[in-house]
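> need coordinates for the below:
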Amino acid sequence: MAKKVIGNLKLRIPAGRATAGPPVGSTLGQWGLNMMDFINPFNDATKADMGKDVIVHMQVFDDRTFAWKSLGQPVDDIIREKIGIKKGSGKPHSEKVGKITRAQLEEIAEIKKDQLNAITVEGRVKIIAGSARSMGVEVVE
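Alright, predicted model coming up:
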């Protein structure tokens, strides 16, 4: 019989640097989970991405166990990194902060292909382009 899921958590944690302090410790503590059972495997699994934030999805089961999956760096962080900006625009439709090319969008779509809800490369590129436009980044061909 499958375990009953009692909680779904989403965390944004610096890769390779999870500690028992916030946000990891306080979040896992609320669910009564042993945080070291998460912290050590997470830090080992994300050493290659050190210095970047990663998104983690975690399922908490009724017997106080959990399963987690790292989704890698968020799309907005990758876009900012690719075009060299610190942050997106506060008024994305009127104030543009940078430009991104189709080739850069395809690179990002390839990185995130397992997490995007699209069948084709074209569909994935459209999703990434929408994220870029909502940040105030102009999409150029």
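> please tell me how far Asp62 sits from Ile6.
5 Å (C-beta to C-beta, to the nearest Å). Bear in mind the C-beta positions are built from the backbone N, C-alpha and C, glycine included.
> those two: which has the busier surroundings?
It is Ile6, of Asp62 and Ile6, that has more neighbours when counted by other C-beta atoms under 10 Å, with 13 against 10.
> phi first, then psi, for Leu9.
When read as degrees, to the nearest 10, the backbone of Leu9 gives phi -120, psi 150.
> give me the pLDDT for it.
pLDDT, Leu9: 94.
> identify the residues contacting it.
Leu9 sits next to 27, 31, 56-60 when contact means C-beta atoms under 8 Å, 6 or more residues apart in numbering.
> now render these as a markdown table, adding neighbour count.
Listed next are these as a markdown table, based on neighbours: other C-beta atoms under 10 Å:
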| residue | neighbour count |
| --- | --- |
| Thr27 | 18 |
| Trp31 | 15 |
| Val56 | 22 |
| His57 | 14 |
| Met58 | 20 |
| Gln59 | 15 |
| Val60 | 21 |
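> could you save those as JSON lines and add columns showing distance to Ala132 and pLDDT?
Shown next, in JSON lines, are these (distance: C-beta to C-beta, whole Å; pLDDT from 0 to 100):
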{"residue": "Thr27", "distance to Ala132": "30", "pLDDT": "91"}
{"residue": "Trp31", "distance to Ala132": "35", "pLDDT": "92"}
{"residue": "Val56", "distance to Ala132": "24", "pLDDT": "95"}
{"residue": "His57", "distance to Ala132": "23", "pLDDT": "95"}
{"residue": "Met58", "distance to Ala132": "28", "pLDDT": "96"}
{"residue": "Gln59", "distance to Ala132": "31", "pLDDT": "96"}
{"residue": "Val60", "distance to Ala132": "34", "pLDDT": "95"}
